[in-house]
Every structure is written in structure tokens, then in C-alpha cells.
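Trainee: 3D, please:
(chains A and B)
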Amino acid sequence: MTAKPPTPRAVKHVQAPGGHPARVEIRDLRVAYAGRDVVSGVRLLARDGEIVGLVGPNGSGKSSVLRCVYRHLRPSGGTVLLDGTELAALSPAESARRVAALPQERGGGSELSVRDVVAMGRVPHQRAFAAENTADRAAVDDALARTSLTALAGRRFDALSGGERQRVLLARAFAQRARVLVLDEPTNHLDLRHQTEVLALLRAERRTTLICLHDLNAAAALCDRLHVLHRGAVVASGAPREVLTPGLLAEVFGIRAVVVEHPLTGGPLIAMDHTAAPAHRERGRDGADRGAPA
Amino acid sequence: MALLSARRPRKPGRQGPAGPPGRAARLRSPGVLAVLLVVALLAALTAAVSFGSTSIPPQEVWSVVGRRIAGRAPRPGTDDLIVWQLRVPRALLAALVGAGLGVVGAGVQALVRNPLADPYLLGVSNGATLGAVAAIVLGAGGGGLLGLGLSGAAFAGALGSFLLVWLAARRGGGFSPLRLVLAGVAIGQFLSGLTSCLVLRAGDEQQTRGVLFWLMGSLGGATWDLLVVPSVVVPAGLVLLLARARALNALAAGDETAAALGVAVGRLRRELFLVTSLLTGVLVAVSGAIGFVGLMVPHVCRLLVGGDHRRLLPLSALTGAVLLVVVDLICRTAVDTQELPAGVVTSLLGAPALLLLLDRRLERP
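Mentor: Numbers count the residues shown, from 1 in each chain, chains lettered A, B, ... in the order given. Model prediction:
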């Protein structure tokens, strides 16, 4: 794949629609799969323009929380508030105009071009039978440019590499022009250069963002605040530096690590001992392994 | 046709000695394809009405049709009878059924997110067949069951099987593709078992032949009266699905993606299941279960114009219409003494055509 070199472009910053603050508040969220709570009592708040990270081991409930925000899951309890309005009170299209997502699922549809897939981000804005209008085209062009995909616009989505596809799906979320972004592992499958590029892009966007990341160092560098999830509950919240402590890393992630000052950025840097045996074996109350929900 | 000309980035043309770059891309442009298909449909309809045991020249065909449409008195003679009473309704029925099968095929493939799905996957045709066979075997002289007539009995059977699959597949207000397919296949098998019992009970060879013909599908029963319901239902189904074309695109990407794009996934699946089932029921009721069209036509169209349902649905309708008009013409004229069932011809012609296209597809980047 000959991807266009990722040159950071001077793109005119597009103001999120409405322009007024977007604030996401999650209150006492509970999600149950097959009678078992995978998320219980999660509370979190993302203020206007804040990037809030959700971190935690596999099966800790991160994705389930995000799915309730982009309305793939209906909470079993609690509420998600968007600027004080209950999300459930909005029509699906209305909430998709306010919340754009990169879901965990990475499908782009069948037999579509890159541009077609990005243009799908305009679905919540379009009426049945209406053709693509100027605003739609502008949003799609802009999203393609910001993810350095303009050169690939005519290519078939299925024929791209995993990393390129991921950028296309991110562009689809940008084209949605929502004030809130919900991103489930947006740097998965990306090479290091594109990972940094995506993080820089999100920092530049300055939209209210809820993001799940496995890479704790990336999360620490990107997020204003982190919430650490463990067994469906938030066990720590705050600035990355306060939250990511050796004790928590051992307790929640089962790793041996120290947190040092990053020699380049001055931020926290987690240095993990990859040779150490897992510090903890996670066991539920009944003694069985706490498996990750599907 | 405004929908078809929706902006679409031009694909980079194929380079090479085969032709000037961009030519292939231009031929695949949805607008051009639509015009070509409309012309092909008119030509196929004309041919279907011209050819047969008695050949009638095309200009005579159009003059008869012109007189009838203008409301003038038909010229006396057999041409008017053959053209207007026999062949025109039959050709139109073939076009409507073909269009319907193409549209439903695309719809069901989106509903269960599986390109191998066809309109008969969800058991509707098995119910319709049971109804029709019951009417043939139990009804007096192949006439009616409870006064419904063959088509009525078939549609009643289709509705019955649709309700059974709906009840078996629903869970928590939504249908997962897997549950739908499993419920459809299970109930379809059960109903076709019942059909086989009935066929074994069939009184004489005449009845068995009638049943067999029904199973393989035929447009031989066409009359103007039979055209009324499909001529309303097929366009209505196309419009209903087209209104959801963008949501169907999102659904093809996945349930999570569709939800994130503001599609009410549960509701969309219920609507799709209802619309495709009713449409299939009507089609099977008027023509039997003609196989392969609903599977192949959306595939061919996807290869030509891509997976965007705004283009896929109308082109599937046109392609299905052209295909079935031609198929029915072959059915009537290929063998001198006897008419072939439509399903036989669609399978014999369709399978190699699809394989050929798949092969060509692999060459594309």
C-alpha cells in the first residue's frame, strides 16, 4: 500500500455545529448482558472540549460504556446526559448528529469506495431521497483531508490495509460533524507514525471526546482525565499523573511497572517490566476467572 | 432517475491496451447503465411479445399496443388477441416479477447481512408453495381452496410462514440476522416437509405435474387481472426500500456502525423483514418460486455499481426485469412442443453467468 505520507496540513478548523459547549455526563450507568452486570454504577463527566479516557483491562466494561453513549446498547440503569438532556429522549438521528463514534466494530459496508464510506457519516444529517448537498460534500472533503485520505478517495474500501481502513472510519466519524466524539481504540492496527498522527488530530480537534485506549502511555499523553475501569466499575479517576501509579497498575492491570518522567515531554511515562510474572491473578468471588464479556 | 445520478467519484479507469482509460468506468456509471437497461427492457418486452408459436413483427406489436393504449377499438383478428390478451400481460408479469425478485434479493441480503441470502431464505416461499400445493391437491380440480384460488392460497401460505418465522425469530423486540436465518430455514424445511406429504397424496399425474411446475416457477398463468396486485406492490416495495437506502448502507457496515450513525436498527430490521416478506409472498403467489434471480441480480449489480443501495436497488429492479423477460421468452420458445419452467432456465443460464462475472471481478484491483 502506498499511503500518502502523513503530512500535517494546515486545514481550516471547522467549528463544531452549534458552537456551544457539549458536555457528556454519565450517571450511575449499569449494563447487563445475559443477566450479569458488566458495568455497574459508572459515573463520569466530560466537559466542553475535554478529552476523557477510559482505560482498564479486557472485559472491564470500557466498550460497554461507550456503546451506551453511541446508542448501540440501552443501559439497564442510569442515564447518559448530553448538555443536560437525556440521550434516550432524543431520536436516534438527533443523537447521531450530536455524538459521532468510531465503534469497536470495524465494518465499512460492502463494495464501497473510501469516499462512499466517509460520506456515510452524513447519514444522520440527510433526509430520505435527498441528494448530497454542499454541506455534506464539504464535510466529507474536510474529513478526508484531515485524515490524509484525499488521494485514496476513489479506492475501494475493502482493498485497503487495516490501518488505512481505520483512518477511513475515523474520517467517517469526523464527517458526522458532531460536538462529541466517542472512539473505541482508534489507534488499533495503526503503525507508530499514524498513531501519533491520530492522537495529534484528536488534540487539535478539541471536541468533547470519550476514548478507550489500551496504550496507557498514549492515554496519558492525550487525555485530560482518565477513568480506570475494573470489573465494570470506576476504581480511579483524575489527571493521568495522579491516576497511573505503580500500585494501581499492579492492582488493576496485573503488571509490574514504574512511572517516570518522560524525557521528551515531561509527562508521565509507564515503564513496564515485560519479564515479570503477572502480579495478580484476577479471580471473581466464586473463584472462577472473570472472563471478558463478548 | 435523479437518485441514480447521485454524485459518485469516478473510479480510476483501467489502464492498458484494452481501451482508452476511463471507458470502463464510464460504462459502469449508474446513469448510463440505467438508460441502457431501460432500452434493453423495452427491446426485451418487444421481442417477448413478437416471438412465439406465431411470430408477429415488432411494428405490428406496437401498433396493436398503441391502439389499445390510445383507447381505440382493436383491429379484428387474432393478432390483437395474441398480443394484448396473452403475450403483453405475460411479458409485463415477467418484468414485474423479475424487478421484484431483484429488489427483494438486495433487501434480504441487507437484512441478514449476507450476500448469499435470497428472497426464499426466510421461509416465505415454502409457505406459499404449501398453500399453492394444498390448493392444487385438496381443492377441486386444482381450482380453489376455501375459494381463494391458486394465488390467494399461495399468498395465504406465505403470510402464515412469515408470521411463524417472525414469532420464532423475535427476541427483545429485535431480530438478529442469525436468528432470522435459522428460524427461516427451520420453518421453511418444516413446511416443505408438509408440502412433500401433500404431493405424495396427489391423486393423479396431472396434479403432480401441476405441483412440479409450481415448484419450479412459471409465468404461464399471466392475465391482466393477475397483474394488478404486483404492479402496485412491486413499485411500492422499491420506493419503501429506497427511502431507507442510506440506512441500509449503514446496516451493511454493521449494527454498531448503523446505531452510531443514528439508524434505529431494531425498527429497520422489522420494517425490512415485513416489506421483503410481503413482496416475496406476492411474487411467489403469481409466479411460483423462480429461483436464482433474487440471489444473482443484486450480486451482478453490486459488481457493476458498488454496494450503495441508492444505486443498487433501482438497478437490481431493472436488471431483474430484463433478465426475467428474456428468460420467459426462452422458456416459451426454446423447446417446440413444451414450455420450460422459468426456474429451470434461470438456474441453467444464471449460474454460469454469475461464475463468469466473479471470475472477471478477481481481475479488478
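
Trainee: quick check: the residue of the stretch 101-250 of chain B nearest chain A.
Mentor: Using Cβ to the nearest Cβ, the point where the stretch 101-250 of chain B gets nearest to chain A is B:A243, with a distance of 4.2 Å. (C-beta placed from N, C-alpha, C; glycine too.)

Trainee: contacting residues around the residue lying closest to that residue once chain neighbours are set aside?
Mentor: Leaving aside its chain neighbours, B:A243 sits nearest to A:A128 (4.2 Å; criterion: Cβ to Cβ, 6 or more residues apart in numbering or on different chains). Applying Cβ atoms under 8 Å, 6 or more residues apart in numbering or on different chains, one finds that A:A128 lies in contact with B:L242, B:A243, B:R244, B:A245, B:R246.

Trainee: ok so, going back, distance of the residue of the stretch 101-250 of chain B closest to chain A relative to B:N249?
Mentor: Counting by Cβ to Cβ, to the nearest Å, the gap from B:A243 to B:N249 is 13 Å.

Trainee: neighbour count for these two, which is higher?
Mentor: Neighbours per residue, other Cβ atoms under 10 Å in any protein chain shown: of B:A243 and B:N249, the larger number sits with B:N249, 28 against 13.

Trainee: so the more buried one makes contact with A:L112?
Mentor: Yes: with contact taken as Cβ atoms under 8 Å, B:N249 and A:L112 are classed as touching, separated by 7.4 Å.

Trainee: find residues that contact each of these two.
Mentor: Both B:N249 and A:L112 are contacted by B:G307, B:D308, under the criterion Cβ under 8 Å, 6+ apart.

Trainee: contact residues of the stretch 51-200 of chain B facing chain A?
Mentor: Within reach of chain A by Cβ under 8 Å from any Cβ of the partner chain, the stretch 51-200 of chain B has these residues: B:P115.

Trainee: next one: the stretch 201-350 of chain B
Mentor: B:242-247, B:249-250, B:252-257, B:259-264, B:302-303, B:306-308.

Trainee: contacting residues around stretch A:81-92?
Mentor: Looking at stretch A:81-92 with Cβ under 8 Å, 6+ apart, the contacting residues turn out to be A:20-27, A:69, A:71, A:74, A:79-80, A:95, A:98-99, A:124, A:180, B:259, B:262-264.

Trainee: any idea how far A:L226 lies from A:V243?
Mentor: With distances taken as Cβ to Cβ, A:L226 is found 5 Å from A:V243.

Trainee: take the residues of the stretch 201-350 of chain B next to chain A and keep only those in helices.
Mentor: With helices taken from DSSP state H, the overlap with those comprises B:242-243, B:245-247, B:249-250, B:252-253, B:255-257, B:259-260, B:302-303.

Trainee: in those residues, which has the lowest confidence score?
Mentor: Least confident of those in the model: B:L303, at 84.

Trainee: wait, isn't that residue in contact with B:L357?
Mentor: Yes: under the criterion of Cβ under 8 Å, B:L303 is in contact with B:L357, at a separation of 5.7 Å.

Trainee: more crowded one of these two?
Mentor: A count of neighbours by other Cβ under 10 Å puts B:L303 above the other of B:L303 and B:L357, at 17 against 14.

Trainee: pLDDT weak spots in the chain?
Mentor: Going with chain A. Applying pLDDT under 70 to chain A picks out residues A:1-21, A:278-294.

Trainee: my question was about chain B
Mentor: Per-residue confidence for chain B (pLDDT under 70) gives these ranges: B:1-28, B:139-148, B:172-174, B:203, B:360-365.

Trainee: distance of the residue in it positioned nearest to chain A from A:L87?
Mentor: Proximity of chain B to chain A (Cβ to the nearest Cβ) peaks at B:G262, 2.8 Å away. Separation of B:G262 from A:L87 (Cβ to Cβ): 12 Å.

Trainee: which residue is nearest the middle of chain A?
Mentor: With distances taken as Cα atoms, centre = their mean, the residue of chain A nearest its centroid is A:L183 (1.6 Å).

Trainee: that one contacts A:C212, correct?
Mentor: Yes: in terms of Cβ under 8 Å, A:L183 counts as a neighbour of A:C212; the distance is 7.1 Å.

Trainee: now do stretch A:147-154: distance to the chain's middle.
Mentor: In terms of Cα atoms, centre = their mean, to the nearest Å, the centre of stretch A:147-154 is set 22 Å apart from its chain centre.

Trainee: same question, stretch B:119-138
Mentor: Between the centre of stretch B:119-138 and the centre of its chain there are 16 Å (Cα atoms, centre = their mean).
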